[in-house]
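Colleague: have a look; sequence and predicted model below, questions after that.
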Amino acid sequence: MTWLTEAVPRGRVAAFRTLIYLFVAADLVIFTPWVRTRVSVPGDLYQPLLIGRLLPLPTPTETLVTVIFWALLLLALLAATGRAPRLLGWAVCALYLEWMIIAMSYGKVDHDRFGLLVALAVLPTAGRARHGDTTRTEAGGWALRVTQIAVICTYFLAAFAKLRFGGLDWLTGSVLARAIIRRGTDLADLIAQVPHLLIVAQFGIVAFELLSPVVFLLPPRWRLAMVGFFYSFHAVTIATITISFAPHLAALTSFLPLERVRPLVWAGRLIGRNPSAAKTTDAPEARPAGVDAVPADQGPVAAGAERALDDQAPVVGRPVGP
């Protein structure tokens, strides 16, 4: 299917790869450092997920968890540079999977990790990619598309689970009211005072999740608008009931034209190292002794030299060409 392997710029793959691996490093120290406390829990409370029983994986110990933490942190930072994408990518994928198995084998499984885990599994197959590279790659397109499918499945299957286990009572019950009581903010308290608004919101959540696959049928501009709606939905969720879907939001960037985000180039311009300005200087170019300067307008040789200079690879990682 050409849709499944639709080619994308390599720069987009490189940017997505850097973002995902940097998020893994941040996840260890910001979002899931509590996994390290699992070693203080009695081993008989460790009930591994199905994959942990099939492999099988050892019961977490302080040594095991510490080794995984530091190895994963180091390898994720190295993988974010884009070097050795397959070797480092597979290593990060395996270690993070084990990190999640440890985290989710004590009675609670977070569904917001699915898209991120799929991204880690497919990124090593995308091959090498450089920031700013405009050449297109089908392997990279496949990696991004599979991640997008996982992200949308997270929404759609969440609605399926609500209706499967909660039935229609999920729509008409007090689900959001209980969430606001447990962990609501001042903004949530204001919203809760509006009659029937929480019930309407519950219907809206399920409808939005069931309709999320429509994003694949939209033209590019409207697709980006719908992805923006996804982000706004999660912003409201954080602002009202303080539930963060950070791993899911990182995977959701697979829909975005990340190749346009060039922080290193922007930083270079801010400090006065504009790549376009690097081609010209105030001082005349040094020439070998005995060679006179040739004006640019004297014949085709000079014009050819001018084109040769223009064809040189610019600095700060920008692609060759205009």
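Modeller: Happy to help now that I have it.
Colleague: A helix includes residue 265, no?
Modeller: Yes: counting by DSSP: H, G, I helix; E, B strand; the rest coil, residue 265 is located in a helix.
Colleague: neighbouring contacts of stretch 92-103?
Modeller: Residues outside stretch 92-103 that contact it (CB atoms under 8 Å, 6 or more residues apart in numbering): 21, 24, 28, 32, 35, 38, 48-49, 51-52, 57, 60, 65, 68-69, 71-72, 75-76, 79, 113, 117, 120-121, 123-124. Yep, even glycine has a C-beta here, placed from its N, CA and C like the rest.
Colleague: tell me which residues in that stretch are buried?
Modeller: Judged by neighbour count using 16 or more other CB atoms under 10 Å, the buried positions of stretch 92-103 are 92-93, 95-103.
Colleague: from those, which is closest to residue 128?
Modeller: Proximity of the buried residues of stretch 92-103 to residue 128 was ranked by CB to CB; the top entry is residue 92 with 16.1 Å.
Colleague: distance from the helix or strand hosting the closest one to the middle of the chain?
Modeller: Using DSSP states H and E, residue 92 maps to helix 85-103. Distance of helix 85-103 from its chain centroid, counting by CA atoms, centre = their mean, to the nearest Å, is 15 Å.
Colleague: past that helix, which element shows up next along the chain?
Modeller: Toward the C-terminus from helix 85-103 - assigned by DSSP H and E - lies helix 114-122.
Colleague: returning to what we had before: and the helix holding residue 92 with helix 114-122, angle?
Modeller: 140 degrees (axes from the mean of the first three to the mean of the last three CA atoms, to 10 degrees).
Colleague: and residue 185, how far is that from residue 241?
Modeller: Look at residue 185 and residue 241: by CB to CB, to the nearest Å, they are 7 Å apart.
Colleague: just the buried members of the contacts of stretch 92-103?
Modeller: 21, 24, 28, 32, 35, 38, 48, 52, 57, 60, 65, 68-69, 72, 75-76, 79, 113, 117, 120-121, 123-124.
Colleague: tell me the mean pLDDT for the helix holding residue 92?
Modeller: On average, the pLDDT along helix 85-103 is 96.
Colleague: nearest to the spatial middle of the chain, which residue is it?
Modeller: By CA atoms, centre = their mean, the chain has its centre lying nearest to residue 250, at 3.4 Å.
Colleague: so which strand or helix has it?
Modeller: Counting by DSSP H and E, residue 250 is part of helix 246-252.
Colleague: touching that helix from outside, list them.
Modeller: Here helix 246-252 has contacts from 19-20, 23, 27, 31, 112-116, 118-119, 147, 150-151, 154, 227, 230-231, 234, using CB under 8 Å, 6+ apart.
Colleague: distance between it and the chain's centre?
Modeller: 6 Å.
Colleague: and stretch 52-62, how far out from the chain middle?
Modeller: The answer for stretch 52-62 is 28 Å, by CA atoms, centre = their mean.
Colleague: mind listing what's buried in it?
Modeller: Those buried within stretch 52-62 under the rule 16+ other CB under 10 Å are 52, 57, 60.
Colleague: export the residues you listed to a markdown table and tack on secondary structure, distance to residue 135 and pLDDT?
Modeller: Output for the buried residues of stretch 52-62, formatted as a markdown table (DSSP: H, G, I helix; E, B strand; the rest coil; distance: CB to CB, whole Å; pLDDT from 0 to 100):
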| residue | secondary structure | distance to residue 135 | pLDDT |
| --- | --- | --- | --- |
| 52 | helix | 41 | 86 |
| 57 | coil | 40 | 88 |
| 60 | coil | 44 | 89 |
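Colleague: list phi and psi for residue 59.
Modeller: Torsion angles at residue 59 (phi, psi; degrees, to the nearest 10) stand at phi -70, psi 130.
Colleague: from residue 234, how far out is residue 226?
Modeller: Taken as CB to CB, the span from residue 226 to residue 234 is 13 Å.
Colleague: so what's residue 4 closest to, chain neighbours aside?
Modeller: residue 145 (5.5 Å; CB to CB, 6 or more residues apart in numbering).
Colleague: that neighbour - that's part of a strand, no?
Modeller: No: under three-state DSSP, residue 145 falls outside any strand and is assigned helix.
Colleague: could you verify my assumption that it touches residue 6?
Modeller: Yes: under the criterion of CB atoms under 8 Å, residue 145 is in contact with residue 6, at a separation of 6.6 Å.
Colleague: neighbour-wise, which of those two wins?
Modeller: Higher neighbour count among residue 145 and residue 6: residue 145, with 20 against 13, using other CB atoms under 10 Å.
Colleague: check what pLDDT the more buried one gets.
Modeller: Residue 145 carries a pLDDT value of 97.
Colleague: same question for the one 4 residues further on.
Modeller: pLDDT, residue 149: 98.
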